[in-house]
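In: Quick one, structure for this:
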Amino acid sequence: MNLSLYMNNPLVTIITPTYNRALFLDETIQSVLDQDYKNIEYLVIDDGSKDNTAEAIKKHIGKIKYIRHNNIGETMTVNKGFSLAKGEFVCVVNSDDPLLPGAVSAGVKALISNPEALVAYPDWVEIDEFSNHINENRLMAYDIYNMLIRFSFGLGPGTFIRKEAIEKFGPRDVSYRYAGDAEFWLRMALNGKLVHIPQILATHRTHDDSASVSAKGPLLASEVVRMTRKTLDSPLLPYRLKRMRPQIMSFTYECAIYYFGSWHVKTWVYRLFAILLNPYKIWLIIKEYLPKKNIGAIRKNISGLIKRRIFSYSIRIGGFLFPLLRIYTYVASALKSPTKGGDKRFAVVSGYLPPKWSGGAVVLGRILEGIDPKDYVLISREDGFDLDKEENFIRRLPATYHIIPGPIRMPLSLARFEIMKLLIIALARGVKMSIVLKKERCNAVVATTDLMETVSACIASKLAGLPFFLYIFDDFTHQWWASQSAFVLAEKLEPMLLANTQGVIAPNEFMAAEMFRRYRVYSHIVRNPCQHGSTDANNLPFPADGEEIKIVFTGAVYPLNFSAFRAIIAAMDMLNQINIRLHLYTAQSKDILEMNGLIGPNVEYHFHVPPKEAALAQRGADIQLLPFTFEPKAAPLIRTSGTAKLADYLASGRPIMSMTPSDSYLAWYLENYVCGINVDNEEPEKIAEVLELIINDSSLRTEMSKNALRRAVIDFKPEDSQLNFLNALEVGNCR
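Out: Down below sits the predicted model:
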């Protein structure tokens, strides 16, 4: 085999997770070692086996890397292998599924020949416990269409994956016990191309010790349904498949029935779901009992009747529903004993209120804590969060809290229409909210950009006859974490919400400009403030040669930011002659972060700390870090984001390095006022270059620190944000 075909033989990492498979492990290991492609890193990860696995591996020590840990399950074991892999390409070979000759060479060749492909997969053969061939599996050319429409996930044994794809789109989802690999393949198909290698190069062993389908039972069936629903909710899903959602979910329920094995009561529930999601099945049943010549006419008449009825009832409901609801609001509020409020009382409606430690809750807490609590009330949905837990770290505001529950039970016939369900919930909550507004004698409603809360608040303001203000923390029509239905609903409702606002409040100039571009509305800028009294920075000297240089990050580490952190860690590794260390203060689990590659000798984890301790960590930093994702789907949101951490970082007076696209507000602010340096990509070489610049240029550090403290006082004082917030309501003639 001429290995020059493979462009300098890129390193391939083979991962074999094993648990009590000593009987088959030697054959599998030997099948990898016998491959004609020799540039292989082979990781055998023992998931706490209780048999003689260690003995079976002894003779291969030196040729493989053997890792053993306590039992954590196959998914987390595979993810650990992903995080440790150094190869450009990765392949998971189960401990009882040996590779066939030429598998690695073929996988490398396929991925190099198709640079746009994320995955290359071969055909495979099913074998028994004695390695006898049972039957061959010739696979199709998979893509997201046939995987969902045909509900087929045959790729698996012998599949090679680009390490870059794992880093970018994430490893296996640990919330799935049995369907994690299928969900992983769907995610890869959503984000890129899958290449078929039309050769039998891998095996899948069936033996008595294998987990049977019936043993997995209802859990596997429910995971299959959840996996499909998650994929259909992705904003990356092609429009053609979005329109086919009911049919795809119907077929998913039909296929999930198989996984129950023997008879199970849920099979009938799943059959019912399959019919309700695809009424055409009912038509097929009726069709068998109708004369063929009448079928077309009957279908046409029924369709026309349904359309006319829907249009007619929509007009009637639209004409009478809101007046009736408004009458109900006044009657219900009159029957309740009113609470006496101030002359300038307003309601703040948000899904994120103190003492939650999310960015939105922190900002609201800092703005409202300087306002008389008699002048406002707080409204949110009940989501199981204990408002009085001490470990929340953020003080509960002294104002009145009103919790209005969100979810309601709906008939199965309506529950499948997700957008209709969201609207009905918003309408029901809007009615309840309007009663609270009348009872509390509020004269204005301010809602933050949480979709359900915003729509409910707008409805409530109309029913109560009060002006409505929209406080746009971030662009909720581009929130990538929302479900597809919520995304569509936000896109449709945003023009209506903006048309009904008395005023718009934005956290920065970029968000204000975006609102003007879309809707020609002017926004009042209320910046996300820093902590009270936090602009007296510690003038710590920069570490001398050989002393540890601290890079500090405080806050949540989201999955889409993993690749940015991995790039920073790689950049620090390049600066191996400098004693530099990344300190993460975050609530995210250390195990999860390590499994996603946020690991290394230069990384130190600290648990989530209260704001005052976070401020001390920021002031003790030598370089502060603000990394954002460079994912294209997140770009519109990142561009206008006014992260709550910016004010605290500036107030600490320590040098700031951000990672964000160059057209974002954060990049503009730091560079325009020379109070930080931005890196506009995830290239470790560029990050290392900027880190060296900050470390070696003392005059630049001094200038950035001085400017940061100055801007914190000019733009981010809590008193100024409170005043601007109240002025925004004054301009709307509501105070």
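In: Could you use CA atoms for every contact and neighbour count after this?
Out: Will do.
In: can you give me the helices for the stretch 151-300 of the chain?
Out: 163-169, 180-191, 213-232, 239-243, 245-256, 266-277, 280-287, 292-335 (DSSP state H, counting those that start in this stretch).
In: pull the CA atoms of the longest strand along the chain into PDB?
Out: Longest strand in the chain by number of residues, with DSSP state E as the criterion: strand 193-205. The C-alpha coordinates for strand 193-205 follow below in PDB (Å, rounded to 0.1, in the frame of the first residue of the first chain):
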ATOM      1  CA  LYS A 193     -21.500  15.400   4.800                       C
ATOM      2  CA  LEU A 194     -21.300  11.600   5.400                       C
ATOM      3  CA  VAL A 195     -19.200   9.500   3.000                       C
ATOM      4  CA  HIS A 196     -19.900   5.900   2.300                       C
ATOM      5  CA  ILE A 197     -17.000   3.400   1.700                       C
ATOM      6  CA  PRO A 198     -18.600   0.600  -0.400                       C
ATOM      7  CA  GLN A 199     -16.400  -2.200   1.200                       C
ATOM      8  CA  ILE A 200     -17.000  -4.600   4.100                       C
ATOM      9  CA  LEU A 201     -14.400  -3.400   6.600                       C
ATOM     10  CA  ALA A 202     -15.900  -3.900  10.100                       C
ATOM     11  CA  THR A 203     -17.800  -6.300  12.200                       C
ATOM     12  CA  HIS A 204     -20.600  -6.300  14.700                       C
ATOM     13  CA  ARG A 205     -20.800  -9.300  17.000                       C
END
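In: Show me what counts as buried in it.
Out: For strand 193-205, burial by neighbour count (16 or more other Cα atoms under 10 Å) applies to 193-197, 200-205.
In: Now tabulate the residues you listed in TSV and tack on distance to Ala361 and pLDDT.
Out: Output for these, formatted as TSV (distance: Cα to Cα, whole Å; pLDDT from 0 to 100):
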residue	distance to Ala361	pLDDT
Lys193	40	93
Leu194	42	94
Val195	46	93
His196	49	93
Ile197	51	93
Ile200	56	93
Leu201	54	95
Ala202	52	95
Thr203	53	94
His204	51	92
Arg205	52	89
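In: Pro355: which of those residues is nearest?
Out: Lys193 (44.5 Å; Cα to Cα).
In: Across the sheet, point out what pairs with that closest one.
Out: For Lys193, the beta-bridge partners are Ala117 (DSSP bridges).
In: Any figure for the gap between it and Leu118?
Out: 6 Å (Cα to Cα, to the nearest Å).
In: can you check Ala56 too?
Out: From Ala56 to Leu118 the distance is 34 Å (Cα to Cα).
In: These two - which one has more neighbours?
Out: Leu118 (22 against 16; other Cα atoms under 10 Å).
In: if I look at the more buried one, how far off is Arg187?
Out: Distance from Leu118 to Arg187, counting by Cα to Cα: 11 Å.
In: just for the stretch 351-500 of the chain, where's the confidence low?
Out: Across the stretch 351-500 of the chain, the ranges flagged by pLDDT under 70 are 382-394, 406-421, 476-489.
In: could you pull out the strands for it?
Out: Counting by DSSP state E, counting those that start in this stretch, the stretch 351-500 of the chain has these strands, from start to end: 376-380, 400-403, 445-448, 468-471.
In: mind putting these in JSON lines, distance to Asn561 and mean neighbour count included?
Out: Shown next, in JSON lines, are the strands of the stretch 351-500 of the chain (distance: least, Cα to Cα, whole Å; neighbours: other Cα atoms under 10 Å):
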{"stretch": "strand 376-380", "distance to Asn561": "28", "mean neighbour count": "21"}
{"stretch": "strand 400-403", "distance to Asn561": "32", "mean neighbour count": "14"}
{"stretch": "strand 445-448", "distance to Asn561": "24", "mean neighbour count": "25"}
{"stretch": "strand 468-471", "distance to Asn561": "26", "mean neighbour count": "26"}
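In: Pipe those strands into JSON lines and attach distance to Glu719 per row.
Out: Shown next, in JSON lines, are the strands of the stretch 351-500 of the chain (distance: least, Cα to Cα, whole Å):
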{"stretch": "strand 376-380", "distance to Glu719": "17"}
{"stretch": "strand 400-403", "distance to Glu719": "22"}
{"stretch": "strand 445-448", "distance to Glu719": "19"}
{"stretch": "strand 468-471", "distance to Glu719": "18"}
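In: do you know which of those strands lies nearest Arg345?
Out: Among the strands of the stretch 351-500 of the chain, strand 376-380 sits nearest to Arg345 (Cα to Cα), with 5.0 Å.
In: Tell me the strands beside the closest one, with direction?
Out: Here strand 376-380 has these sheet partners by DSSP bridges: strand 346-349 (parallel), strand 400-403 (parallel).
In: next SSE after the helix or strand hosting Arg710?
Out: Arg710 belongs to helix 698-715 when elements are defined using DSSP states H and E. Where DSSP H and E defines the elements, the next helix or strand beyond helix 698-715 is helix 718-731.
In: List the buried residues in that following helix.
Out: For helix 718-731, burial by neighbour count (16+ other Cα under 10 Å) applies to 718-722, 724-729.
In: do the same with stretch 503-520
Out: So, applying 16+ other Cα under 10 Å, buried residues of stretch 503-520: 503-515.
In: Could you export these as TSV, including distance to Ala274, secondary structure and pLDDT?
Out: Formatted as TSV, the buried residues of stretch 503-520 follow (distance: Cα to Cα, whole Å; DSSP: H, G, I helix; E, B strand; the rest coil; pLDDT from 0 to 100):
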residue	distance to Ala274	secondary structure	pLDDT
Gly503	46	strand	90
Val504	44	strand	92
Ile505	45	strand	94
Ala506	45	strand	93
Pro507	46	coil	93
Asn508	48	coil	93
Glu509	49	helix	92
Phe510	46	helix	92
Met511	44	helix	91
Ala512	46	helix	91
Ala513	47	helix	90
Glu514	43	helix	88
Met515	42	helix	88
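In: Which strands border the helix or strand that contains Cys91, and is each parallel or antiparallel?
Out: Element membership for Cys91, per DSSP H and E: strand 89-92. Strand 89-92 pairs in its sheet with strand 12-18 (parallel), strand 160-162 (antiparallel), by DSSP bridges.
In: what's the most buried one of these?
Out: Among those, ranked by average contacts under mean count of other Cα atoms under 10 Å, first place goes to strand 12-18 (a mean of 26).
In: sorry, back to before: same list, the buried residues of helix 718-731, but as CSV with pLDDT and distance to Lys590 please.
Out: Shown next, in CSV, are the buried residues of helix 718-731 (pLDDT from 0 to 100; distance: Cα to Cα, whole Å):
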residue, pLDDT, distance to Lys590
Pro718, 91, 33
Glu719, 92, 37
Asp720, 92, 38
Ser721, 92, 35
Gln722, 92, 37
Asn724, 92, 40
Phe725, 93, 38
Leu726, 91, 41
Asn727, 90, 44
Ala728, 90, 42
Leu729, 87, 43
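In: wait, which of those is closest to Val431?
Out: In terms of Cα to Cα, no member of the buried residues of helix 718-731 lies closer to Val431 than Leu729, at 23.5 Å.
In: What separation is there between that closest one and Val446?
Out: For Leu729, the distance to Val446 (Cα to Cα) stands at 9 Å.
In: and what of Phe516?
Out: Distance check for Phe516 against Val446: by Cα to Cα, it reads 19 Å.
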